[in-house]
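Student: my questions are about this predicted structure, shown below with the sequence.
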Amino acid sequence: MQNLRLWYQKPANDWNGALPIGNGRLGGMVFGGIQEERIQLNEISMFSGYPEESDNPRMLKHLDEVRSLLFEGRYKEAQLLSEKYMVCKGAGTNLGNAVDAPYGSYQTLGDLYINFDHEKDDAHDYIRELDIDSAIAKVGYGMGNAKFHREMFSSAKAQVMVLNITCSISSNISLTASICREREANAYVLGNDYMVMKGQLAGDKGIKFEAHMKILAKNGAMLNIEDAIKVAGADEVTIIIAAATDYLDKDPEKVCRERIDKAIQKGYGELLKEHILDYRSLFDRVKINLGADRVEDLPTDVRLQRLRNGGQDKGLVGLYFQYGRYLLISSSRPGGLPANLQGIWCGEISPAWNCDYHLNINLQMNYWPAELTNLSECHEPLFPFIKSLVEPGERTASICYGAEGWVVHTATNIWGFTSPCEHPSWGCFSAAGAWLCQHLWEHYAYNLDEDFLKRVYPIMKGSAEFYLSFLIEHPETGYLVTAPSNSPENAFVTEDGQVVSVCAGPTMDTEIIWDLFTNCIEASKILRIDEGFRQRLIDAIKKLPPLKIGKHGQIQEWLEDFDEAEPGHRHMSHLFALYPGRQITWHETPEIMGAAKGVIERRLKYGGGHTGWSRAWMINFFARLRDGDNAYDHFLELLKKSTLPNLFDTHPPFQIDGNFGATAAIGEMLLQSHEGFINFLPALPNEWQDGSIEGLRARGGFEVDIRWSGGILQKARVTSMKGERCVIYAPIQIRVEYGGEDIDIKVLEKNVVEFDTCPQGVYDIYPYN
Ligand code: FUC
């Protein structure tokens, strides 16, 4: 049995305790107060700022000079020159405070407040919960003999948020409800049951937004009290909220009205039914059971505290994993924008890092669990977003580097900001576009949808074209390197003791470009196009610098074996090739697995502060190193040191990438398919002796169920969607059944076997006893 709820015995103390609901666009943080319910509202396109011309022509003028300095080893001078010239025009991200700058910031839409006519001290038997099995937040408590109950959800089908308030005693619900926002908005009541809030961000240059609220009351009276609606003596109250901006919808007012009208026609019962059906069509695909402890029945915050005090809680791992899937379903749906640094949930006007799209790990990490945990549709908002960067990115490539193709750097917004950011030590990371393209390829690799590949191949090719023209031969070695660049967001110490970030050919760039070129080569073969271009990529890959092992037994972070200014740095960029890349694998490169581990050991020796996405990344590394025990230990560290009462990950502050990265990591511990074969239970920790997982996805169009006991595979089921050959890593002897009969399997090499999955369907794999 899966335990699929977060629950608490008190209302949330603050935002970090509130519970998130969302439909990919419209989000809410439910506080669950007794006297005052607050639902902080979000809309995915609520981003200030506007398009700006930020490409800096002075970059190109100084490009050769910076490169020469780098190649002469005059790093500090290269850095100083870069600080002057290799940056955007304007304020860029304004060091994360761009709410009133052109770059802009994602921000809260406002709040819904509901004040009940009762005293909180009179309440008893209070429970607040988030049921992730049906994506509904609930609050319940007693008041004397009366039992009050609230249910809240954000429906993707109806595109509205719905709140339903009931009481066991009739005519007993009296409340005042309003929506408001601290700036840039006007709110007013129409009639006695409809409230509108509208405004515009960034003066008259930014997006226009609207939020509408309709109140339906069964019996009782309703009253317009100007900035709020009063309900007196109702049996049941349903509140419907719609919100839109003119970024995603042409006419936000019309859209809000239409959505609310349709929702009224459906009524609460129908809205609830279709919401659950829709949500479960995604959520129910995966079931996980890693064993349970008796503590499952304790409130979630108590469980977390017990774990911090050294207690055991196996069920919390499964809950965290499913919560990650819940969060992705709730923050990323086709037709919207991708999940940002906080998914869609952001309570502030000026949040950390503009709550934007950081591209030197964060946005990508949000989508690590998408394919593996069978939420391919939730990956989709990322693809048009990547496409939207191509046009501005072509301008940036041309103006800043005189290069072909398209480029984007460390961070972007919804306005197509593709220039380098305002400081080169972290802002001139130019491999972001190639990294994004990995997601296009992976979506294909899991689903084998050739039409999709055909559509996105030009985006991948455009990115590859950028690197083909931006890469430059290192004058000493002849290797093709990026310059200028940096290894996110670390600095190195030069021979004469200077601390510098700007460099040529950091390992991460090379690994990401290897990944892009490799994927483009494969894509062009599958599509049977572009032979000439393919050959150029094949030739270029040969000229990329090889991975080198440094003096500490680590994979080098830079071309030279520099020491890191911060050896315990949170970014472990030079392990991109281990995860999420596929260049470093046990199968292909066993000789450097030790050096990959060396990178992590060194970071841990000097750091230890790995929180949020950094820790989540580390868990994935250990999974790829097939080191389940370390993966599990670091997962526990994430729960202990980096998790808020509502199970949001905290960097700090809350950043959703950690949730998604760790969700992917649990999947990676149980199933991998990046090495050209499916590997069941590649990193099973000792703690998970018995368990099962159903419905994970593997590359090649397969769905996979696995059952194990005593740490040993009992049965795996591969459902083939595309009828492809199924290649399996089999260190123990296996047999395969189709339709109850054993079928032929072919040994490809030691420990690797394959079988046909034509016809498509279900294939059962058993170890020989
Ligand atoms: C990256 C990280 C920071 C932070 C920011 C949003 O640049 O280095 O730690 O997560 O993104």
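Tutor: Yep, it's here.
Student: contact residues of this structure facing the ligand?
Tutor: Neighbours of the ligand within the chain, by Cβ under 6 Å from any ligand atom: Leu341, Trp353, His358, Asn360, Asn362, Glu489, Arg570, His571, His651, Gln655. Quick note: C-beta positions are derived from backbone N, CA and C, even for glycine.
Student: can you add secondary structure, neighbour count and distance to Ile712 and give those residues back as a markdown table?
Tutor: Listed next are those as a markdown table, based on DSSP: H, G, I helix; E, B strand; the rest coil; neighbours: other Cβ atoms under 10 Å; distance: Cβ to Cβ, whole Å:
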| residue | secondary structure | neighbour count | distance to Ile712 |
| --- | --- | --- | --- |
| Leu341 | coil | 25 | 41 |
| Trp353 | helix | 22 | 45 |
| His358 | strand | 26 | 41 |
| Asn360 | coil | 22 | 40 |
| Asn362 | helix | 25 | 37 |
| Glu489 | coil | 19 | 43 |
| Arg570 | coil | 21 | 36 |
| His571 | coil | 20 | 37 |
| His651 | coil | 20 | 38 |
| Gln655 | coil | 27 | 37 |
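Student: show me where the stretch 601-750 of the chain has its strands.
Tutor: 671-672, 679-680, 691-698, 702-709, 712-720, 726-729, 734-738, 741-743, 746-749 (DSSP state E, counting those that start in this stretch).
Student: tell me the buried residues in stretch 751-760?
Tutor: For stretch 751-760, a neighbour-count test (16 or more other Cβ atoms under 10 Å) marks Val752, Val753, Glu754, Phe755, Asp756, Thr757 as buried.
Student: quick one: contacts of that stretch?
Tutor: Residues outside stretch 751-760 that contact it (Cβ atoms under 8 Å, 6 or more residues apart in numbering): 677, 702, 718, 720-731, 734, 736, 743-748, 763.
Student: now with 6 Å, please.
Tutor: Stretch 751-760 is contacted by residues 677, 720, 723, 725-728, 730-731, 736, 743, 745-748 when judged by Cβ atoms under 6 Å, 6 or more residues apart in numbering.
Student: any chance of a ChimeraX selection covering the buried ones in these?
Tutor: This is the ChimeraX syntax for the buried subset of the contacts of stretch 751-760, where burial follows 16+ other Cβ under 10 Å:
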select :677,720,726,727,728,730,736,745
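Student: roughly how far does the residue lying closest to Trp368 once chain neighbours are set aside sit from Ile459?
Tutor: Using Cβ to Cβ, 6 or more residues apart in numbering and skipping the chain neighbours, the partner closest in space to Trp368 is Ala664 (3.6 Å). Separation of Ala664 from Ile459 (Cβ to Cβ, to the nearest Å): 23 Å.
Student: again, but for Ile386
Tutor: For Ile386, the distance to Ile459 - Cβ to Cβ - is 6 Å.
Student: tell me who's in contact with the residue of the stretch 201-350 of the chain found nearest the ligand.
Tutor: Distance from the ligand to each residue of the stretch 201-350 of the chain (Cβ to the nearest ligand atom) is smallest for Leu341, at 5.6 Å. With contact set as Cβ under 6 Å, 6+ apart, Leu341 has these partners: Trp353, Cys355, Asn362, Gln655.
Student: my guess is the last one contacts Ser614, does it?
Tutor: Which is Gln655. No: using Cβ atoms under 6 Å as the test, Gln655 is too far from Ser614 to be in contact (10.3 Å).
Student: quick check: phi and psi on Thr93?
Tutor: Thr93 adopts backbone torsions of phi -80, psi 0, taken as degrees, to the nearest 10.
Student: burial count for it?
Tutor: Using other Cβ atoms under 10 Å, Thr93 has 25 other residues around it.
Student: before we move on, what about Phe283?
Tutor: Here the count is done by other Cβ under 10 Å, and Phe283 has 23 residues near it.
Student: what's the residue in the stretch 101-250 of the chain positioned nearest to the ligand sitting at in phi/psi?
Tutor: Proximity of the stretch 101-250 of the chain to the ligand (Cβ to the nearest ligand atom) peaks at Tyr106, 12.0 Å away. Reported as degrees, to the nearest 10, the phi and psi values for Tyr106 are phi -70, psi 150.
Student: which ones are touching it?
Tutor: Tyr106 neighbours (Cβ under 6 Å, 6+ apart): Phe47, Asn340, Cys346, Cys355.
Student: return the member of those residues nearest to Asp627.
Tutor: Closest approach between those and Asp627, by Cβ to Cβ: Asn340, at 31.9 Å.
Student: touching, that closest one and His358? I think so.
Tutor: No: contact criterion Cβ under 6 Å: Asn340 and His358 do not qualify, at 8.9 Å.
Student: thinking again about what came up before, farthest-separated two in the contacts of Leu341?
Tutor: Farthest pair in the contacts of Leu341, by Cβ to Cβ: Cys355 and Asn362, 10.6 Å.
Student: how about the residue of the stretch 101-250 of the chain closest to the ligand, nearest residue that isn't a chain neighbour?
Tutor: Nearest to Tyr106 is Cys355, by Cβ to Cβ, 6+ apart, at 3.9 Å.
Student: nearest to Asn366 among the buried residues of stretch 751-760?
Tutor: Thr757 (31.2 Å).
Student: check the secondary structure at that closest one for me.
Tutor: coil (DSSP: H, G, I helix; E, B strand; the rest coil).
Student: just give the closest residue to it, not the sequence neighbours.
Tutor: Using Cβ to Cβ, 6+ apart, the closest residue to Thr757 is Ser720 (3.4 Å).
Student: for the one you found, what are its contacts?
Tutor: With contact set as Cβ under 6 Å, 6+ apart, Ser720 has these partners: Phe702, Thr757, Gln760.
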